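In: Below: sequence and its predicted model.
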Amino acid sequence: MEHPAFPEVTVHHEPADDTVKRIIRTTVILSVITLIELGLGLAMYAMDMGSGLTLFIKGTIVILSLAKAFYIVGVFMHLGDEIRNLIMTIVVPLLLFVWFIAAFLWDGDSWRNLRNTHGRSRPATEQQAAPAEAKKPGGVE
Amino acid sequence: MAAAQAAQMETKWWTGGKSPFNVEYGKLMMWYFLMSDAFTFGAFLISYGTIRFSQNYWPDPNKVFNAFPFAGHANLPLAFVSLMTFILIVSSVTMVLAVHAGHHMDKKGVVKWLAWTIVGGIAFLACQAWEWTHLITGHHAVLIDGKIQEIGTTVTMNPWGPEVAGMLHNGEHVTKPGPVAFGGYFFGITGFHGFHVFSGVVINIIMLIMVINNVFERRGHYLMIEKAGLYWHFVDLVWVFVFLCFYLI
């Protein structure tokens, strides 16, 4: 079936009748995930947890956010309804983020270690960059 | 149905005369623009992450973002930003309903849902304006060079450092100054996102005027609403990650 205005669009996917149902279901999923994220965020605030558990909860929140992104892009933006070639030209370049995030967070962590140990010339003490020594308001660097 | 699907599977996309991606030019280019914009936002957020990882101390968002309009000094961590998040999710839903109405050439439906989307966008911007004002003008006692000073959160000052043990000022815990980068990244990234929301609202208003003037009715399709919709959903998508990086973790 040809598209009324664009002859080059050859297979026009007429939206299915259950589109509204799908939108409502996705809205509910997004809202529930957001509520779970908030619950976890507040739990970290209310309870004093060990750094291991905090890291685990933060990881869970990151994964939940990725799930939200998947639903927004796949259903609301209808990327899931496009043909595979189009999906791949969008998704494959985004894989660059895997390196991007890993490399730069690693770099930030290394930067902190170097500063705390003065370029590894002395053992690490966590409060090396003491904020009280700041010369101007708010300065830490 | 199965036969139709089989016929679709056999389509030779690259034989010419048709779009190999089965979309019209504008929509494909909108997707590529959004992909590049995702890298822009990604770079900002990753740079924020790098600086945050390089610090021994970083402010707790539950303490920084705990105010709500008209609630005085009540401690309501994350409440206001949750409201903002839901406003944006709902406006994304009304946008997708506008696109859906467009598929069915339902002008009234498009006008109704597009108008609600614009209302949602303006509400979000208003919330952000309040939050910024609250952060900049909300002063806190900070110990700087041995003196207590009252400072707000700006791109050069950050009152959200660790508490000074046992020191109170007007009933409030006195803190050391926090990392300066906090304000710069917060205002920079939420500001860049807010600018996207603002331009999205402007685009949606233009779309609404065009719909009311029957432009798309005469053209025979509402594909322009789909493209505006893609941009609007992207704004919602970015907020998911801004919300994640600044408020949740």
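Out: Nice, I can see it. Numbering: from 1, shown residues only, chains lettered A, B, ... in the order given.

In: Helix or strand for the residue nearest to A:Phe100 when sequence neighbours are not counted, just tell me which one.
Out: Spatial nearest neighbour of A:Phe100, chain neighbours left out: B:Ile46 (5.8 Å); criterion: C-beta to C-beta, 6 or more residues apart in numbering or on different chains. Quick note: C-beta positions are derived from backbone N, CA and C, even for glycine. Per DSSP states H and E: B:Ile46 is located in helix B:25-53.

In: Mind listing what's buried along that helix?
Out: For helix B:25-53, a neighbour-count test (16 or more other C-beta atoms under 10 Å in any protein chain shown) marks B:27-28, B:30-31, B:34, B:37-38, B:41-42, B:44-53 as buried.

In: which residues of chain A score low on pLDDT?
Out: The model of chain A has pLDDT under 70 over residues A:1-5, A:8, A:10-17, A:124-141.

In: ok now the lengthiest helix in it, how far from the chain's centre?
Out: Looking across chain A with DSSP state H, the single longest helix is helix A:19-46. How far helix A:19-46 lies from its chain's middle: 15 Å, per C-alpha atoms, centre = their mean, to the nearest Å.

In: That one packs against which elements?
Out: With contacts taken as 3 or more C-beta pairs under 8 Å, 6 or more residues apart in numbering or on different chains; DSSP states H and E, helix A:19-46 sits against helix A:51-71, helix B:61-64, helix B:79-103.

In: So which elements touch the following helix or strand past the last one?
Out: This points to helix B:79-103. Sequence-wise, the next helix or strand downstream of helix B:79-103 (DSSP H and E) is helix B:107-137. Judged by 3+ C-beta pairs under 8 Å, 6+ apart, helix B:107-137 is in contact with helix B:79-103, helix B:181-212, helix B:215-219, helix B:223-242.

In: report the angle between the axes of helix B:107-137 and helix B:223-242?
Out: Orientation check (axes from the mean of the first three to the mean of the last three C-alpha atoms, to 10 degrees): helix B:107-137 against helix B:223-242 gives 30 degrees.

In: Which residues belonging to helix B:107-137 are considered buried?
Out: By neighbour count on 16+ other C-beta under 10 Å, the buried set for helix B:107-137 is B:107, B:109-111, B:113-118, B:120-125, B:127-128, B:131-132, B:134-135.

In: pLDDT on that helix, on average?
Out: In this model, helix B:107-137 has an average pLDDT of 96.

In: same deal with stretch B:234-245?
Out: Stretch B:234-245 comes out at a mean pLDDT of 95.

In: Any idea how far it is from the middle of the chain?
Out: Offset of stretch B:234-245 from its chain centre (C-alpha atoms, centre = their mean): 5 Å.

In: tell me which element B:Met167 is part of?
Out: Assessed by DSSP H and E, B:Met167 sits inside strand B:163-169.

In: How about residues contacting that strand?
Out: B:141, B:143, B:148, B:173-176 (C-beta atoms under 8 Å, 6 or more residues apart in numbering or on different chains).

In: mind listing what's buried in that strand?
Out: For strand B:163-169, burial by neighbour count (16+ other C-beta under 10 Å) applies to B:164, B:169.

In: That one pairs with which strands, parallel or anti?
Out: Using DSSP bridges, the strands paired with strand B:163-169 are strand B:172-175 (antiparallel).

In: Distance from the chain centre to the strand it pairs with, please.
Out: Strand B:172-175 sits 32 Å away from the centroid of its parent chain (C-alpha atoms, centre = their mean).

In: now do stretch B:144-152
Out: Averaged C-alpha coordinates place stretch B:144-152 at 33 Å from its chain's average position (C-alpha atoms, centre = their mean).

In: What is the end-to-end distance of that stretch?
Out: This stretch, stretch B:144-152, spans 13 Å end to end (C-alpha to C-alpha, to the nearest Å).

In: buried ones in that stretch?
Out: Neighbour counts using 16+ other C-beta under 10 Å place B:144, B:149, B:151-152 of stretch B:144-152 among the buried residues.

In: With stretch A:109-124 instead?
Out: Going by neighbour count (16+ other C-beta under 10 Å), the buried part of stretch A:109-124 is A:112, A:115-116.

In: do it and chain B meet?
Out: Yes - remark: stretch A:109-124 sits within contact range of chain B at A:109, A:111-112, A:115-116, by C-beta under 8 Å from any C-beta of the partner chain.

In: ok, back up a step: chain A next: which of the buried residues of stretch B:144-152 are close?
Out: Near chain A, judged by C-beta under 8 Å from any C-beta, the entries from the buried residues of stretch B:144-152 are B:144, B:149, B:151.

In: And B:His173, how far from chain A?
Out: B:His173 sits 15 Å away from chain A, going by C-beta to the nearest C-beta, to the nearest Å.

In: Who does the residue lying closest to that residue once chain neighbours are set aside form a beta bridge with?
Out: With C-beta to C-beta, 6+ apart as the criterion, B:His173 has its nearest non-adjacent residue at 4.7 Å, and that residue is B:Glu163. Beta-bridge pairing of B:Glu163 under DSSP bridges involves B:Thr175.

In: what about the closest residue to B:Leu28 other than its chain neighbours, how many residues close to it?
Out: In space, and not counting its chain neighbours, B:Leu28 is closest to B:Phe21: 5.8 Å by C-beta to C-beta, 6+ apart. B:Phe21 is flanked by 20 other residues according to other C-beta atoms under 10 Å in any protein chain shown.

In: hang on, B:Pro162 packs against B:His173?
Out: No - counting by C-beta atoms under 8 Å, B:Pro162 sits too far from B:His173 to count as a contact (10.0 Å).

In: So between these two, which is more surrounded?
Out: Taking other C-beta under 10 Å, B:Pro162 and B:His173 do not tie; B:Pro162 has more neighbours (17 against 14).
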